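**Q** sequence? don't have it. structure:
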């Protein structure tokens, strides 16, 4: 291919335009208030070595890698990391567990237990998935008509499993 001086100038101009676009792209295109929340993005993380005690409510996706004692409520997604130790009553839209939970779980949409998770407590969920290698001690009930309310964490729920009534 043969290039003329004219072609070279176009390439230089194109390069300058690309540099200007890169500089401009670092500036926000919309105001902060106008940014639409992405429900799949991680909104908060309680990292390894962190300890928290109390009530946690949140929107979006939260990941816990540390220790938590108390109550957790959200209509969105909770991820319990592999090193996490949770002692809580949990009511969420969906949950993925890789760590340890001692307490009851209500997950409106889905509950996924991934190895090496350990769950000691009862589970009520719309959809349950337990991977090989998980330790689960408790009762479970799948119910697609679960509706979440903050009162779920403090009230007892009667679950019928294997012909018995078990309090959750």
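**A** Received, thanks. Quantities reported herein were computed from a predicted structural model and do not represent experimental measurements. Numbering: from 1, shown residues only.

**Q** okay, CA-based contacts and neighbour counts for the rest of this
**A** OK.

**Q** State the next helix or strand along the chain beyond the strand ranked longest in the chain.
**A** Ranked by residue count under DSSP state E, the longest strand found in the chain is strand 85-97. Moving toward the C-terminus from strand 85-97, the next helix or strand (DSSP states H and E) is strand 100-102.

**Q** Show me what residue 125 bridges to in the sheet.
**A** residue 107, residue 142 (DSSP bridges).

**Q** partners of the longest strand of the chain in the sheet?
**A** With DSSP bridges as the test, strand 85-97 pairs up with strand 67-73 (parallel), strand 77-80 (parallel), strand 100-102 (parallel), strand 105-113 (parallel).

**Q** Could you list the low-pLDDT ranges of this protein?
**A** 1-40, 149-168 (pLDDT under 70).

**Q** all helices of it, in order?
**A** Ranges of helices within the chain are 5-25, based on DSSP state H.

**Q** sorry, back to before: wait, which of the strands paired with strand 85-97 is closest to residue 46?
**A** strand 67-73 (8.2 Å; CA to CA).

**Q** Identify the residues contacting the closest one?
**A** 48-58, 84-92, 150, 153 (CA atoms under 8 Å, 6 or more residues apart in numbering).

**Q** Tell me who's in contact with the residue nearest to residue 76 when sequence neighbours are not counted.
**A** Using CA to CA, 6 or more residues apart in numbering and skipping residues adjacent in sequence, the residue nearest residue 76 is residue 93, 4.6 Å away. Counting by CA under 8 Å, 6+ apart, residue 93 makes contact with 74-77, 107-110, 148.

**Q** next one: residue 98
**A** Contacts of residue 98 by CA under 8 Å, 6+ apart are 79-83, 113-118.

**Q** what about it, distance to residue 83?
**A** 8 Å (CA to CA, to the nearest Å).
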